[in-house]
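**Student:** whatever this is, show me its structure:
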Amino acid sequence: MAKRLARRVERGIAVRRADGRQRERRVRDAARDGPTRVPFRVANLGEILRHLVRLYPGPLAGLNEIVTNSADAYREARSDGGTIFVRLRRKPRFELLVEDFSQGMPRSDLAELPQNVASSHKRELDDPTVVGSKGIGVFGALALGARADITSRHASARDTWRLHLAYDHLDQGAELELVEKGGLALPGTRVVVHDIPATTQRVLTVPRIVRYLAEQKREALRAALYRVVVIDEDKKEQTEVRPVVFRGEPLGLHEVRTPQGTITFDLFVHPAPADSRVEVVGRGGNRILADLASLEPFRTGAWASGQVEGTVTYLRLEPTTGRNGIFQDRTYYPQLVHAVRSYEVDVRAALARQRDEAARKLAGKINEALRRIYKQVVAELPPDVAFAARTPVAHPKGEELEGAAESEAVPGVGQLNEDGEGRPGGEGSSTAIDRAQPGRARARWRSYPTWYPDPTMSPDAPRSRFVEAAGAIYLNTQHPDYLVAKAERNRDDARPLLLYQLGLLWKEYLLATDPFADAARQTDDLVGLITRSQRYLPSRI
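**Tutor:** Residues are numbered from 1 along each chain as shown. Model (predicted):
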């Protein structure tokens, strides 16, 4: 018996081998006439559908998809300024609701949602304000929770229908039911998400939702295509989402025309690096990329400087599935790259202009602070204190001093204004007062010098140099110490640069007015002047 069974098994194996050889010969013969087509077959439908859910990068992206569907419903109904409500409920269980009051969906359209995955009638709409086109928006709700209900009532019907979706049973389809009690009182669509994980609940707070939608829907909200209101039903509080406002110097609207449409730049520039990014906006004012610098061609240069923010709008761009990037096709994406690179020349010029203007303003603030500190330190020193930088110079309106004027003219002495205060040095000169000479003379103290940045000095040259004939200090902007002070300054605060120049001010004056003093005395005088100056430092610049 066993032998007969073994022989049957061997014959079956031999037959299968022969059939396999025959199939291979038939395929080989058919291939000689041309390529054969192998059809796709979905082995696990449920897993494929769950993969579509996982394309959304997070719960807020899933929420954005639901809000986008509601926005599209208003746009298809030609309803301007319609309101989308986002509601949070924590009791008796955590739920998130998104509802709109557009024309709603008839039963047939609601029933076709599971039947038309990856197919959307919105592709045929010639309306740049309509965003959806991929046909997978029905899965956006399942990026937030394990179950979702889509309830809708069409404007031409009295019945309300509900579609139930479950993440774990997608292969079994969706359940469609007629809502006999508690239907929608007005036409529209409501999406309710259930079984939201605790980790996702911590993300779905009113401030985070408002901030995310304010950035994601900025352009649509600015254009008043619709409104979004977030409601905390437990606290009985509601917040309308307002578009985030760009800051900085506006460059104005700039348009680049392409064969397939117009690319619009609305940019703002800042003099100092910050957390500024340029966003890419597509159809319906929907943000499809948070940072232009995340694209390979723009990871360096002006777009990655943190000094440019705003939007680049191109309606032809397609977002990636899940709406977390740009689909880099062979037609529209190269046009975007070309337009951005062309406009970058103007952006760099604007940044350079702003940097120069900011540098001038900063130099003026530091100069004014140094002049004030110099005046206060000199004024508080007693007249009998030996202080070389306090050399008196003759002036007809000055204070009376013991001593007589010499014939030696002191260059770089500031002229006096009507209030008797000195202007920056380099604008005049006066005769010096010698206290050892008998007689009396009127005098003013040596004035504060003019500062000039000198980018031509080499990094290994001195930090500064005083030109007495011009009454000016030339600052070595290439010196490593200057670069460190400039780099370490806080945002909107130039105190490191002020302290650096303050030390150089006293050093240059001590060297200029008492060049033959020994090093120990000069060091002691310098420490004393810097110490006195600390009392008059501003809190910030």
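
**Student:** could you point out which element follows the longest helix seen in the chain?
**Tutor:** With DSSP state H setting the assignment, residue counts place helix 332-380 as the longest helix in the chain. On the C-terminal side of helix 332-380, the closest following helix or strand by DSSP states H and E is strand 392-402.

**Student:** distance of Leu49 from Tyr167?
**Tutor:** 9 Å (C-beta to C-beta, to the nearest Å). Yep, even glycine has a C-beta here, placed from its N, CA and C like the rest.

**Student:** quick one: which of these two has more around it?
**Tutor:** Between Leu49 and Tyr167, Leu49 has the larger neighbour count (other C-beta atoms under 10 Å), namely 21 against 18.

**Student:** pretty sure Gly81 contacts Tyr226?
**Tutor:** Yes - Gly81 is in contact with Tyr226 according to C-beta atoms under 8 Å; the separation is 6.5 Å.

**Student:** neighbour count: those two, which is higher?
**Tutor:** Legend: neighbour count by other C-beta under 10 Å for Gly81 and Tyr226, higher for Tyr226 (26 against 9).

**Student:** across the sheet, point out what pairs with the more buried one.
**Tutor:** Gly82 (DSSP bridges).

**Student:** and it, how far from Val484?
**Tutor:** Tyr226 is 51 Å from Val484, by C-beta to C-beta.

**Student:** next: Glu406.
**Tutor:** 42 Å.

**Student:** cool, and Glu402?
**Tutor:** 46 Å.

**Student:** could you do Gly173 as well?
**Tutor:** Relative to Val484, and taking C-beta to C-beta, Gly173 is found at 67 Å.

**Student:** with neighbour numbers in mind, choose between those two.
**Tutor:** More crowded of Gly173 and Val484, by other C-beta under 10 Å: Gly173, with 15 against 12.

**Student:** wait, the more buried one sits on Pro114?
**Tutor:** Yes - between Gly173 and Pro114 a contact is recorded at 5.6 Å, counting by C-beta under 8 Å.

**Student:** all helices for this structure, in order.
**Tutor:** Under DSSP H, the chain gives helices at 2-32, 45-54, 59-76, 107-112, 198-203, 206-216, 218-222, 332-380, 480-487, 495-513, 519-533.

**Student:** run the chain-centre distance for the shortest one.
**Tutor:** What that stands for is helix 218-222. 17 Å (C-alpha atoms, centre = their mean, to the nearest Å).

**Student:** neighbouring contacts of that helix?
**Tutor:** For helix 218-222, contacts defined as C-beta atoms under 8 Å, 6 or more residues apart in numbering pick out 71, 129, 214, 226-228, 241-244, 279, 281, 284-287, 311, 313.

**Student:** rerun that using 6 Å as the cut-off
**Tutor:** By C-beta atoms under 6 Å, 6 or more residues apart in numbering, the surrounding residues in contact with helix 218-222 are Pro243, Val244, Val281, Gly284, Gly285.

**Student:** pretty sure the fourth one sits against Glu76.
**Tutor:** Translated: Gly284. No - using C-beta atoms under 6 Å, Gly284 is not in contact with Glu76; the gap is 11.2 Å.

**Student:** which of those two has more residues huddled nearby?
**Tutor:** Taking neighbours as other C-beta under 10 Å, Gly284 and Glu76 compare with Gly284 leading, 22 against 17.

**Student:** show the pLDDT at the more buried one.
**Tutor:** Per-residue pLDDT puts Gly284 at 85.

**Student:** what of Arg446?
**Tutor:** 66.

**Student:** same check on Thr320?
**Tutor:** For Thr320, the model assigns a pLDDT of 80.

**Student:** surely it and Gln328 touch.
**Tutor:** No - counting by C-beta under 6 Å, Thr320 does not reach Gln328; the two are 8.9 Å apart.

**Student:** in the stretch 301-450 of the chain, where is pLDDT below threshold?
**Tutor:** Where the stretch 301-450 of the chain drops to pLDDT under 70, the residues are 322-323, 382-391, 410-429, 445-447.

**Student:** would JSON lines of the contacts of helix 218-222 with distance to Gly62 be doable?
**Tutor:** What follows is the contacts of helix 218-222, written out as JSON lines (distance: C-beta to C-beta, whole Å):
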{"residue": "Pro243", "distance to Gly62": "22"}
{"residue": "Val244", "distance to Gly62": "21"}
{"residue": "Val281", "distance to Gly62": "20"}
{"residue": "Gly284", "distance to Gly62": "18"}
{"residue": "Gly285", "distance to Gly62": "20"}
